[in-house]
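Colleague: Okay, here's the prediction I keep looking at, along with the sequence it came from:
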Amino acid sequence: MEQASRCNHYLYNKKLRPLARALRRNMTKAQACLWKYVLRAGAMRGHTFNRERPIGNYIADFFCKDLSLIVEVDGITHADDETYENDRRRQHELESSGFKVIRFSDAEVLNRISEVRMKLEHCIEERERELGLFPRKVLRPPKL
């Protein structure tokens, strides 16, 4: 896969647009919670995230263009060996294209959302330093 950049719209794949739209309409409970309580409306250090964004041959659960950061929420189906291997390969391809990928399980999001928020904030701070970015205006985060 080629390097992601602003020029190539961060490897946006419009052929996957209908599937991405369908996935946005049918988010899992964990994805919906992460979106509502953590990522929506610039609540995460002022950065904007998109849901179900087509990138290359994949659809990322959540994506922040400014940080080239992908957030994945893995359900129970990701526990089997074949799916785990596919996830590992996918993550390697995305990271070699310049993206940072962070993963959370459904259980983490549903049972320990405060910890997920803290891990994500830490990851975003690191990514801002790596890319030489300053945090944006932080909006008041939604109540948990």
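Modeller: Everything's here; your move.
Colleague: Output the contacting helices and strands for the helix-or-strand element of the chain with minimal mean pLDDT.
Modeller: Lowest mean confidence among the helices and strands of the chain (mean pLDDT, DSSP states H and E): helix 81-96, at a mean of 88. Contacts defined by 3 or more C-beta pairs under 8 Å, 6 or more residues apart in numbering; DSSP states H and E place helix 81-96 against strand 58-64, strand 69-74, strand 100-105. Where C-beta positions appear, they are placed from N, C-alpha and C, glycine not excepted.
Colleague: Give the buried residues for the helix ranked longest in the chain.
Modeller: If you go by DSSP state H, the chain has its longest helix at helix 113-131. By neighbour count on 16 or more other C-beta atoms under 10 Å, the buried set for helix 113-131 is I113, V116, R117, L120, C123, I124, R127, E128.
Colleague: just checking, the second one touches C33?
Modeller: No. Using C-beta atoms under 8 Å, V116 is not in contact with C33, being 9.2 Å away.
Colleague: Skipping adjacent residues, who's closest to L16 in space?
Modeller: Among residues not flanking L16 along the chain, P54 sits closest, at 3.6 Å (C-beta to C-beta, 6 or more residues apart in numbering).
Colleague: what sits up against the host helix or strand of that neighbour?
Modeller: P54 belongs to strand 50-55 when elements are defined using DSSP states H and E. By C-beta atoms under 8 Å, 6 or more residues apart in numbering, the surrounding residues in contact with strand 50-55 are 4, 10-17, 19-21, 23-24, 27, 31, 35, 59-65, 70, 94, 99.
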